[in-house]
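Chemist: take a look and give me a structure for this.
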Amino acid sequence: MGAKCEHTAERSASLARLDEGSEHIVYLAPGGKEVIKLTKPGVYGDSYYLVDGRVHQRCSTPCDYMIRLAMLKLTFGFAPNPVGITKAGQVVTLQRFVEGEPPTSGEVDEFLLLARFEPVKRSCWLWKKKVPNNDAEYWIGDAREDNFVKTPHGIVPIDLRMWGVPT
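Modeler: Residues are numbered from 1 along each chain as shown. Below you'll find the model as predicted:
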(Lines give C-alpha, C1' and ligand atoms only; values in the text may rest on other atoms or scores of the structure.)
Protein backbone atom coordinates (compact mmCIF):
# COMPACT_ATOMS: atom_id res chain seq x y z
CA MET A 1 0.00 0.00 0.00
CA GLY A 2 1.06 3.61 0.03
CA ALA A 3 2.25 3.52 -3.60
CA LYS A 4 0.80 6.25 -5.80
CA CYS A 5 -0.39 5.84 -9.35
CA GLU A 6 2.02 7.71 -11.57
CA HIS A 7 -0.68 8.81 -14.05
CA THR A 8 -2.76 10.59 -11.39
CA ALA A 9 0.04 12.87 -10.22
CA GLU A 10 -0.60 16.55 -10.72
CA ARG A 11 1.71 18.05 -13.32
CA SER A 12 2.66 21.60 -13.99
CA ALA A 13 4.36 23.11 -17.02
CA SER A 14 4.92 26.54 -18.43
CA LEU A 15 3.29 26.66 -21.87
CA ALA A 16 3.08 29.38 -24.51
CA ARG A 17 -0.42 30.81 -24.57
CA LEU A 18 -1.67 31.09 -28.17
CA ASP A 19 -5.23 32.32 -27.93
CA GLU A 20 -8.34 32.65 -25.83
CA GLY A 21 -11.98 32.63 -26.84
CA SER A 22 -15.30 32.48 -25.05
CA GLU A 23 -14.89 28.76 -24.37
CA HIS A 24 -11.17 27.80 -24.39
CA ILE A 25 -7.72 28.94 -23.48
CA VAL A 26 -5.30 27.55 -26.07
CA TYR A 27 -1.64 26.74 -25.41
CA LEU A 28 1.12 25.49 -27.67
CA ALA A 29 2.20 22.03 -26.50
CA PRO A 30 5.91 21.24 -26.08
CA GLY A 31 7.39 20.48 -29.49
CA GLY A 32 5.00 22.87 -31.27
CA LYS A 33 3.08 20.19 -33.21
CA GLU A 34 -0.04 20.22 -31.03
CA VAL A 35 -2.18 22.63 -29.04
CA ILE A 36 -3.66 22.07 -25.64
CA LYS A 37 -7.18 23.42 -25.21
CA LEU A 38 -8.47 24.05 -21.73
CA THR A 39 -12.16 24.85 -21.29
CA LYS A 40 -12.87 27.77 -19.03
CA PRO A 41 -14.33 26.74 -15.66
CA GLY A 42 -17.98 25.76 -16.11
CA VAL A 43 -17.96 26.58 -19.84
CA TYR A 44 -18.51 23.73 -22.34
CA GLY A 45 -19.95 25.63 -25.29
CA ASP A 46 -23.53 26.16 -26.37
CA SER A 47 -26.04 24.52 -28.62
CA TYR A 48 -28.68 26.42 -30.51
CA TYR A 49 -32.28 25.85 -31.52
CA LEU A 50 -35.04 27.73 -33.31
CA VAL A 51 -38.36 28.87 -31.89
CA ASP A 52 -40.59 30.64 -34.40
CA GLY A 53 -37.56 31.28 -36.61
CA ARG A 54 -35.55 32.93 -33.80
CA VAL A 55 -32.27 31.43 -32.61
CA HIS A 56 -32.07 30.49 -28.93
CA GLN A 57 -29.18 28.88 -27.11
CA ARG A 58 -28.55 26.67 -24.14
CA CYS A 59 -25.34 25.96 -22.24
CA SER A 60 -23.74 22.60 -22.93
CA THR A 61 -22.75 20.13 -20.23
CA PRO A 62 -19.41 18.31 -20.02
CA CYS A 63 -21.20 15.27 -21.51
CA ASP A 64 -22.50 17.41 -24.42
CA TYR A 65 -18.94 18.63 -24.95
CA MET A 66 -17.54 15.08 -25.15
CA ILE A 67 -20.30 14.01 -27.56
CA ARG A 68 -19.50 17.05 -29.68
CA LEU A 69 -15.86 16.00 -29.99
CA ALA A 70 -16.91 12.51 -31.14
CA MET A 71 -19.36 13.96 -33.68
CA LEU A 72 -16.72 16.32 -35.09
CA LYS A 73 -14.27 13.43 -35.46
CA LEU A 74 -16.93 11.29 -37.16
CA THR A 75 -18.07 14.06 -39.50
CA PHE A 76 -14.83 15.83 -40.38
CA GLY A 77 -12.13 13.34 -39.32
CA PHE A 78 -10.52 16.02 -37.17
CA ALA A 79 -11.27 16.97 -33.58
CA PRO A 80 -9.52 17.59 -30.30
CA ASN A 81 -8.79 14.45 -28.26
CA PRO A 82 -9.86 14.59 -24.62
CA VAL A 83 -6.88 13.85 -22.36
CA GLY A 84 -7.98 14.92 -18.89
CA ILE A 85 -9.95 17.09 -16.56
CA THR A 86 -8.75 19.57 -13.96
CA LYS A 87 -9.86 19.77 -10.34
CA ALA A 88 -11.95 22.77 -11.41
CA GLY A 89 -13.82 20.62 -13.97
CA GLN A 90 -12.07 22.07 -17.01
CA VAL A 91 -11.80 19.63 -19.92
CA VAL A 92 -8.27 19.32 -21.31
CA THR A 93 -7.91 18.32 -24.97
CA LEU A 94 -5.00 17.86 -27.33
CA GLN A 95 -5.29 18.80 -31.00
CA ARG A 96 -2.83 18.79 -33.89
CA PHE A 97 -1.60 22.31 -34.65
CA VAL A 98 -2.90 23.35 -38.08
CA GLU A 99 -0.85 25.90 -39.99
CA GLY A 100 -2.60 28.16 -42.43
CA GLU A 101 -4.72 31.25 -42.59
CA PRO A 102 -8.38 32.01 -41.93
CA PRO A 103 -10.57 31.31 -44.97
CA THR A 104 -13.13 33.79 -46.25
CA SER A 105 -16.77 33.42 -45.25
CA GLY A 106 -17.49 32.31 -48.84
CA GLU A 107 -14.86 29.57 -48.59
CA VAL A 108 -16.38 28.36 -45.29
CA ASP A 109 -19.84 28.32 -46.87
CA GLU A 110 -18.52 26.34 -49.84
CA PHE A 111 -16.75 23.87 -47.52
CA LEU A 112 -19.94 23.27 -45.50
CA LEU A 113 -22.11 22.96 -48.61
CA LEU A 114 -19.69 20.37 -50.06
CA ALA A 115 -19.95 18.48 -46.74
CA ARG A 116 -23.75 18.43 -47.37
CA PHE A 117 -24.67 20.94 -44.67
CA GLU A 118 -27.32 23.54 -45.32
CA PRO A 119 -27.64 26.91 -43.67
CA VAL A 120 -30.23 27.29 -40.92
CA LYS A 121 -29.32 30.90 -40.17
CA ARG A 122 -26.17 31.89 -42.02
CA SER A 123 -26.01 35.25 -40.23
CA CYS A 124 -25.74 33.31 -36.93
CA TRP A 125 -23.23 30.77 -38.34
CA LEU A 126 -25.78 27.97 -37.83
CA TRP A 127 -25.89 24.97 -40.21
CA LYS A 128 -27.49 21.51 -40.26
CA LYS A 129 -27.16 18.19 -42.06
CA LYS A 130 -29.53 15.23 -42.25
CA VAL A 131 -28.02 12.10 -40.74
CA PRO A 132 -28.36 9.21 -43.23
CA ASN A 133 -30.56 6.32 -42.07
CA ASN A 134 -31.50 8.16 -38.89
CA ASP A 135 -34.25 10.42 -37.60
CA ALA A 136 -31.81 13.12 -36.63
CA GLU A 137 -29.82 16.03 -37.94
CA TYR A 138 -26.31 17.19 -37.08
CA TRP A 139 -26.24 20.88 -36.29
CA ILE A 140 -23.15 23.08 -36.32
CA GLY A 141 -22.86 26.41 -34.58
CA ASP A 142 -20.18 29.06 -34.54
CA ALA A 143 -19.20 28.17 -38.13
CA ARG A 144 -17.40 31.46 -38.72
CA GLU A 145 -14.12 32.02 -40.52
CA ASP A 146 -11.88 32.16 -37.46
CA ASN A 147 -12.96 28.65 -36.42
CA PHE A 148 -11.45 27.18 -39.61
CA VAL A 149 -7.96 27.13 -41.08
CA LYS A 150 -7.25 27.25 -44.81
CA THR A 151 -4.32 24.96 -45.66
CA PRO A 152 -2.78 23.98 -49.01
CA HIS A 153 -4.79 20.73 -48.68
CA GLY A 154 -8.14 22.36 -47.95
CA ILE A 155 -10.13 23.84 -45.11
CA VAL A 156 -9.95 22.31 -41.62
CA PRO A 157 -12.57 23.03 -38.92
CA ILE A 158 -10.67 23.64 -35.68
CA ASP A 159 -13.32 24.87 -33.24
CA LEU A 160 -16.94 24.13 -34.11
CA ARG A 161 -19.86 23.46 -31.83
CA MET A 162 -21.83 20.42 -32.91
CA TRP A 163 -24.86 18.51 -31.59
CA GLY A 164 -27.62 16.17 -32.68
CA VAL A 165 -31.24 17.21 -33.11
CA PRO A 166 -34.08 14.64 -33.42
CA THR A 167 -36.35 15.26 -36.42
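Chemist: so which elements touch the helix or strand of the chain at the bottom of the mean pLDDT ranking?
Modeler: The weakest-scoring helix or strand in the chain, judged by mean pLDDT, DSSP states H and E, is strand 46-51 (a mean of 82). Here strand 46-51 touches strand 54-59, strand 136-141, strand 161-166, going by 3 or more Cβ pairs under 8 Å, 6 or more residues apart in numbering; DSSP states H and E. (Glycine included, C-beta is placed from N, CA and C.)
Chemist: the second one packs against which elements?
Modeler: Pointing back at strand 136-141 there. Packing partners of strand 136-141 (3+ Cβ pairs under 8 Å, 6+ apart): strand 46-51, strand 126-130, strand 161-166.
Chemist: which stretch among those comes nearest S14?
Modeler: Minimum separation from S14 across the helices and strands packed on strand 136-141 (Cβ to Cβ) falls at strand 161-166, 29.9 Å.
Chemist: tell me what that closest one is packed against?
Modeler: Using 3+ Cβ pairs under 8 Å, 6+ apart, strand 161-166 sits against strand 46-51, helix 62-76, strand 136-141.
Chemist: any idea how far the second one is from the middle of the chain?
Modeler: Computed by Cα atoms, centre = their mean, to the nearest Å, the separation of helix 62-76 from the middle of its chain amounts to 8 Å.
Chemist: just stretch 44-52 next, same as before
Modeler: Relative to its parent chain, stretch 44-52 has a centroid offset of 15 Å by Cα atoms, centre = their mean.
Chemist: buried residues, that stretch. List them.
Modeler: Neighbour counts using 16 or more other Cβ atoms under 10 Å place Y44, G45, D46, S47, Y48 of stretch 44-52 among the buried residues.
Chemist: brilliant, that's me finished.
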